[in-house]
Structure formats: C-alpha cells, structure tokens
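Chemist: Mind folding the following:
(chains A and B)
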Amino acid sequence: MPTVALPKLGTAAAWRDAARALVSADTPPDDILWHYDGGAGDLFADGPAALPTPDPALRVPRAFVDLAGTVAWHADPERFALLYTLLWRLRGAPHLMADRADPLVGRLLAMQKSVHRDKHKMKAFLRFREIDAAAPPRRRFAAWFEPQHHIVEPLARGFFSDRFGDMDWIILTPDLTAISTAQSLSFADGGAKPPLPEDATEDLWTTYFRNIFNPARLKVKAMQAEMPKKYWRNMPEAAHIPAMIAGASARARAMQDAAPTLPPVRAARIAARHAKDDAMDLLSRMEGDMPEDRADFLRRLQGCTRCDLHANATQAVPGEGPHDAPLMVVGEQPGDQEDLQGRPFVGPAGQLFDRLADEAGFDRGGAYVTNAVKHFKFQPRGKRRIHQRPDMGEITACRWWLDIERQMIRPRLILAMGATAVGSLTGTGAGILKRRGTIEATEDGTPVFITLHPSYLLRVPDASAKEAAMQDFRSDLAAAQAHLEELLAA
Amino acid sequence: MARPDLQEKLAILSDAAKYDASCASSGSDKRNSRDGKGLGSNEGSGICHAYAPDGRCISLLKILMTNFCIYDCAYCVNRVSSNVRRARFTPDEVVSLTLEFYRRNYIEGLFLSSGIIRSPDATMADMVQIARDLRTKHGFRGYIHLKTIPDADPLLIEEAGRHADRLSINVELPTDASVRAYAPEKKPETIRKAMADVRLTREAAKDRSHTGKRPPRFAPAGQSTQMIVGADGSNDAAILGNATRLYSAYHLKRVYYSAFSPIPDATAALPLIRPPLEREHRLYQADWLLRFYGFDLAEITGATPDGNLDLHIDPKLAWALQNRHHFPVDVNRAAREPLLRVPGFGVKTVNRILAARRHRTLRYEDLTRMGASMKKARSFISAGGWSPGAALDSAALRTRFAPPPMQLSLF
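Modeler: From the prediction side, this is the model:
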C-alpha cells in the first residue's frame, strides 16, 4: 500500500505532485495512505513509496486545481484522501466540478469555503503590536493569532508579504510561526501565546472603535455573525464591546430627549454672511427682463426652473458660437454627453453633424449652435440614459431661452433640425418630412430653413438607405448655406 | 475649554464621521508593497477589519479632518448651529494615524471627509495634501476614499482623483426641494455637475492617447454617493427613482442609503426619530434588484399604492406575490431572467443551477445545496419531483412570509 508523507510547509504543492503521479499510475484511492507532517504511521503500511513519473498529458479542470490548492490547508485529516477520490472520479467525468449537488463535491466545496473564511478572518482580525520601537531603519511588529486551519504559510507568502513590505513582522500561532526580516520570509514551529509588549497605539484604536459606533443602531447579532466571539480575545477593541452595548439605548434616548439648544454666536455671524450671498444669488436669477450680457444669461439659465426637467438633468446647456453669427443652428435637446460636458453638439449626433457639415461645405464654425430645449430629458436604463422627446409644455417653457439667444445673436437665417426645433421656431413640428428643404419664418420674420435632426441618420438601419439619407442631409446643408450667402449678398 | 489632545480629537472627529454609511474598500486596482519601498496592498476585494455593535463593518479609518463647518444642514451633527465640541486635525496627524493604524492591521486605509471651513477650496486643498503626503512621502498603497466638496476647484478634484481610489459626493436628500429646505447652502445642480465631472475625468483616464500613453489614473474604484432616508417626506419611489437616475447619469459604483439617525444636539427644525433601519434595508434590497436582477423601477415601487416598499417582506417576494402568473418557474428549463426573479434565489444560486442542470435534472433536494433559500423559493418553483400545487394560488401565501401581526403598543 503506497504511503505518501506530506510536509507541513508546501503541503498543497506536495499533494498536487503526489496526486498527479499516483493518478497517472492508475492507483485507486483506497490503496493510498496519506500522512501529514510526520503523523503516526499505519502498522500495515509500507515505507514512503518512490512515486511514479506523472503523465504529462494529465488534465484536470481549472476549478479542481483551485479547490485542491485551498482544501490542502484544511485541518481535516481526511482532506488529502477526499481530494484524491474526487480527482479519481474526475478522470471520466470532468463536468462533475460544476455539480454542487454531488455529495463529495458539495463537501469539498464546503471545506474550501471554510478555509477561505478562515483566511479572510485572519487577514481581518490579526492585530500587530510594535516590538522594540527604537530599531530603525525597519520597524518591527508581532502578532498572535489562532487560525482554525493550516493557513499561516499561504497567507504569510501572499497577503502579509504583499501588504507590509517596508516593515519586519512575526506572526505567531499555535501551529506555525512566520518571520519576515528585511523582506525574507522564514518559518518556525508554533507554540503558546507569548507576552507581547504594550503598544500605545491600541488606545487610539479603541478610542476610534468606541466613537465610530452609532448607539442608535444597535445590531448585536449582525456584528457577531461577522465577528464571532472566538476572535475577540486577541482583538484589543473587543474588550469594550459589552460596555458599548449596555450603554447604547440610554445614549440614544438621551439624544432624543435633549431639548434643542441655542446656536452658538459664531452661527449667527456665518448665517448673516450666507444670507447676503443668497440674496445676491436670488437677485441674479430673477427672470422677467433681458439678461444684461452673456455672463448674466448663463447664470440665469443655470437657475432655470421653468419646467421640471432641471431636477433630473446635470445642467442647462447653452448655445455656443460667434455672437455675431449670421446663422443659427437649432437642434432638439442636449444628450448624455452634452448634459455632462455642458456643451451643445458634442455627442454622437453632434459629431455626425460636424462631419456632414464639413463634407457639404457648410460653415459650421461660423454658426451659433444651440438646442430648442436646454435640459436633457431621459429615462434611466441601467448604466445608460435613454433619450426622451421633450413635450409641448417643455418646448414652450424653453422657448423663452431660445428667444433670448435669438435676440442676442440676431441671425439672418436659422437652420432648424428636427420636429422639436421646427415646432419651437414655427409653431408646429408636424409633417416635417414634407417640409424639409423648405424655408419658413419665425413670428418675427427670420427665415427658418427646415431639415431633419442628424440623430435620425444614426438610427437608419439599412446601410444604403442610411447613405441616401446622409446625402439628402448634405444637400439640405448645402442649400441652407447657399441661401445664407444669397441673404448676405442682398 | 482646553485644546483637545490627539485622543480627544480622534474621539470627536470619528464621532462626527459615523453618519456616512460607506466603508467599502473594494474595486480598486491591485497593488502591493513587495518592493519594500512602501506600505500597503490592495487585493481588489475589501476587508472588514472589525465590526461595531451597530453591525457595521469597520474597514477604513473614517474621520473628518475638522467638524467646524460654515454650513447649516439640519440633519447634520456638525452644522454651524450645533453646540457639539469642535476639533481639527492637522494634515500630519491624519497621515500618522492612518499609517500607524495600517501597520497594526486595523484598517484598509482612510476615508477622509470634512466640514467646510473658510472656503471649499481651502478645505479641499488640505484634504488633497493628506492624500498626496500618504502616497508620495510615505509610499502608502492602501485604500483612500476622499469625500469631494462639490464647489471646489476642478483642478483640486482632479488631483484628489489621482491619489484616491474612490471619490464621493453626497446628494444628501432625495429631491432638490428637500436639499434646498434642509441643506440651504448646498446646491443640487452643483453636486450633479461635480459628479458629471468625475465621470468624464474617469472615462478620459481610461483612454490611451494616440501614442499609446495612458493618462494618470483617476479614482479607479469609482464614485459613490449617499442619500439620507427618513429625514424628509420622500417616499421610496422618489428615493429609488433618484438612485436609478444617478447610476445611469454618473455611473456610480454605489448609492448608499443612510437611515436618519439621532444626533447629539439636534435642531428643532428636524425632530429626531428612531432610525428607520428596516426601510434602509429594503431600499438596499431594491437597489440590488434594479442593478443585478433586471427589475424595472416601476415593478418594484408599483407593488404598493403609496410608493413605499413593504417593510414586512422583501421587495422581490412582494413583486412575486403580486405577479403569481409568472410562477411556478421550472428550474430545469427556465432561462436566466425568470430564474433571477424567483424569491430566495440569488445570482450565485442561479449560476449554479444553470451549470448543474446541463448534466442532470435538478430535484428539490439538490437546490438546497445550491445556496437557495427554499423556505421562500418552494412556493414559486417546480423541480424534479416537486410542484407548489395550490399553495401558489392560496390567498394566505403572504402570511407564510410576513411576521405575525402584533397588537399596537401604547408606549
């Protein structure tokens, strides 16, 4: 009967090597005796056998490699035999790893979970104390911990070496001691809990622990589910828990019963300063008359509450371009990117417009571009915001701002793109497909060249239809440009 | 009063910080200090180093730089009109506390917030200095979460994002009107603008330039926010509606819901109540359903007429009880989406079911080993050898899950 002796250090790798060799040699699970760390020998066993050479073609599912790499550190003496039995069964049925309902897989997964949890709790609840504080350049720390499984070695090589790179540390446990000196790691036998020197920082830590606790939200069970009592004896802050619990409800009640106090003198002084700022702010947002200048316009626009859209959007997006532009381009409303950046025509539709304008010889840079509605209207869906068409009330409310922009710019021609813009400028957005390419006028007589909104082009599914639609759009832009030049020449 | 020493300052400034719910230290980039030139590591997932008796995880040193504040937010312990004791850390004190706590394995890093003193820029500059010192002077590679001050100079926020793992800006209350009423100096539109800037800067930091050079990292663990629940009259539909908008607009990692909790020296404008902990819990459940289970807002908040979640049963169960025509779901045949809607099944359970049923027909007993809560799920599924029968249509089904009715207490 082959006997495999597994060492205390490097257990997982040693088990993996042995198991690979044995399964390659078709050794059934019942024939193997697994020994850990020089454990008692079996009377009937042969001495440790020379292991056969493993088959290089041997393949196991990735999930099993992870499982074995973790379960090998479990405290259960049966762990090696159980892992090998599963490895044996996996030869013919690799899908077994995905089947939690299989009792052996279920048991090993539970063991894996237990090791993971133990490792997690050791990472969380181990507390270092500084030892011989006056030993530069590297400071030295030591900790005592009582893990449930043999997890000190993997954690010392992994987590603790990753984390505490610039200091020396010793982790003592009943099972094993890990020592890191000048970034070189060594191990020694474990032992009883040694006396560690007092560390003044522990007082600061317990002060923090007591004060970050909210007595009005006592949930002792939730605490103990995550931090069971067995860990408390090695955690300096835990000694205060009983007193914190006992005083909690009285503290919460005292807060509720306390009568409101008078604010300190300082408060009145600061409040007076704020009141002055607020008054200025309010004054600057008063509507009713024309803004004095561009800055005033921008300030008032940001405070706009003429419709409900302001509450959900990031900001109002004003138009942009030369303030003496002969041409004004009006789109529908800002989209996701416009809303975030606070600039019109920077999203996908805006970029397409720029490209087509360039191709059509349309003077985009010389135009003032803006939208009929200044806030983004959308429906949230997961991580995206789906554009929603503004309704008549919102368009009407926002015409106030478009009118102000028109008065400030006084364009000779307006290019209205899409039903919303057309509706805002001419009174109705209906029948836009028939009206495209024609010129109408605003109430005050400014000519309005009508076309579709470029976002429509993004949604044409068929490639050839899309190309045709883009060509139509280019023609519209070219016609608008020609008309503008006529107007300017006249 | 004597100037407080470090111990007293820590007591005052951690007491002042506890109303921020977030203590997450997960989701950042992986790093370690194996080069021996610094301290700290990040594994990607966070670690809770202790739990207080309020059941909350303590992962970070969560403190205010100062609790002096020129704002007068009614719900806040640190508002200018409160008489709580005030204190102020120097940047060096915060740096030293963070490092010393970290070396002893008490914490994953720092969550720094602050009252507004003098001006938003001056306060933000001090906070950025702390993060910069930790990273550059001390080679600190642990987690840093900075609360950003919305009105601060965008350049300061950009530097904050270069040093911090996570940035957060609290929207505080669910509606603009409530913010104006209870936090008069805060401007909801400024808060949204600041969150938009963080999203844009984060996205820009992910794009390589045409030379293939990566711009400096910016808040790799993203941004989050917090809403106080129960201080104003907003219902759950308004709260969750705001949350879904914030998730979609600014790609937040988390929205935290914080039950309005008694504070020392409360204002008469906002009487204290027992914190609505159950409501807070239900909101988190609903938040998860919206983000990971494919539920629509209207489905969740439409289950009750007043737009508030049912406090006695979880929102998924509430939805299932009202939409029984979708059930029973056959665990051996149904697609992922309907499985995710079964009460008692989590995302992990559903993944396990999908993996296991490729090789066998699942029976009722198998499901218990998949992590499902069968007490809830049993009435809504069919499996090999199992069907809920008439139970699904029974009018009394709800009583099986809701706590028994109680006589009202007079006290």
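
Chemist: alpha carbons only for contacts and neighbour counts from here, please
Modeler: Fine.

Chemist: how many other residues sit next to the spatially closest residue to residue A:387 that is not a sequence neighbour?
Modeler: With sequence-adjacent residues excluded and distances taken as CA to CA, 6 or more residues apart in numbering or on different chains, residue A:387 is closest to residue A:378, at 4.5 Å. Using other CA atoms under 10 Å in any protein chain shown, residue A:378 has 21 other residues around it.

Chemist: what's near enough to touch residue A:378?
Modeler: A:385-388 (CA atoms under 8 Å, 6 or more residues apart in numbering or on different chains).

Chemist: List just the nearest of the residues you listed to residue B:192.
Modeler: Among those, residue A:385 lies closest to residue B:192 (CA to CA), at 14.9 Å.

Chemist: Residue B:19: which of the contacts of residue A:378 is nearest?
Modeler: Nearest member of those to residue B:19, counting by CA to CA, is residue A:385, at 30.8 Å.

Chemist: elements contacting the helix or strand containing the closest one?
Modeler: Secondary structure assigned from DSSP states H and E places residue A:385 in strand A:384-387. Secondary-structure packing of strand A:384-387 (3 or more CA pairs under 8 Å, 6 or more residues apart in numbering or on different chains; DSSP states H and E): strand A:378-381, helix B:236-250.

Chemist: center of chain B, which residue is that?
Modeler: residue B:256 (3.0 Å; CA atoms, centre = their mean).

Chemist: Does that residue touch residue B:23 like I think?
Modeler: No - contact criterion CA atoms under 8 Å: residue B:256 and residue B:23 do not qualify, at 10.2 Å.

Chemist: Contacts only, for residue B:173.
Modeler: B:179, B:227-229, B:232.

Chemist: again with residue B:121
Modeler: B:151-153, B:156.

Chemist: and the stretch 301-411 of chain B, which residues reach chain A?
Modeler: Contact residues (CA under 8 Å from any CA of the partner chain) of the stretch 301-411 of chain B with chain A: B:352, B:355-356, B:359, B:366-367, B:369-370.

Chemist: Buried only: go through those for me.
Modeler: B:352, B:355-356, B:366-367, B:369-370 (16 or more other CA atoms under 10 Å in any protein chain shown).

Chemist: Now tabulate those residues in TSV and tack on pLDDT.
Modeler: Below are those laid out as TSV (pLDDT from 0 to 100):
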residue	pLDDT
B:352	91
B:355	89
B:356	87
B:366	87
B:367	89
B:369	82
B:370	85
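
Chemist: Nearest residue to the residue of the stretch 151-300 of chain B found nearest chain A in space, ignoring adjacent ones along the chain?
Modeler: Among the residues of the stretch 151-300 of chain B, residue B:248 lies closest to chain A, at 4.1 Å counting by CA to the nearest CA. Closest residue in space to residue B:248, ignoring its immediate chain neighbours: residue A:383 at 4.1 Å, by CA to CA, 6+ apart.

Chemist: Neighbours of that neighbour, how many?
Modeler: Neighbours around residue A:383, by other CA under 10 Å: 16.

Chemist: doesn't residue B:249 make contact with it?
Modeler: Yes - in this structure, residue A:383 is within contact of residue B:249 by CA under 8 Å, at 7.2 Å.

Chemist: so what's in contact with these two at the same time?
Modeler: With CA under 8 Å, 6+ apart, residue A:383 and residue B:249 have no common neighbours.

Chemist: Tell me which stretches of the stretch 51-200 of chain A form strands.
Modeler: A:129-131, A:140-144, A:168-172, A:176-181, A:184-189 (DSSP state E, counting those that start in this stretch).

Chemist: mean confidence score for the fourth one?
Modeler: Okay, so that is strand A:176-181. The average pLDDT within strand A:176-181 is 96.

Chemist: residues contacting residue 94?
Modeler: All of this is about chain A. A:60-61.

Chemist: my question was about chain B
Modeler: By CA under 8 Å, 6+ apart, the neighbours of residue B:94 are B:65, B:130.

Chemist: element containing it?
Modeler: Secondary structure (DSSP H and E) places residue B:94 in helix B:91-103.

Chemist: What about the nearest residue to residue B:143 once chain neighbours are set aside? Give its phi and psi, please.
Modeler: Of all residues not flanking residue B:143 in the chain, residue B:109 sits nearest, at 4.5 Å (CA to CA, 6+ apart). Here the main-chain torsion angles of residue B:109 (degrees, to the nearest 10) amount to phi 160, psi -150.

Chemist: Check the spacing between residue B:109 and chain A real quick.
Modeler: Applying CA to the nearest CA, to the nearest Å, the value for residue B:109 to chain A is 12 Å.

Chemist: burial measure for that residue, as a count.
Modeler: Residue B:109 has 26 neighbouring residues, counting by other CA under 10 Å.

Chemist: If it is in a bridge, with which residues?
Modeler: residue B:60, residue B:143 (DSSP bridges).

Chemist: Does it touch residue B:63 like I think?
Modeler: No - counting by CA under 8 Å, residue B:109 does not reach residue B:63; the two are 11.3 Å apart.

Chemist: Okay then, goodbye and thanks.
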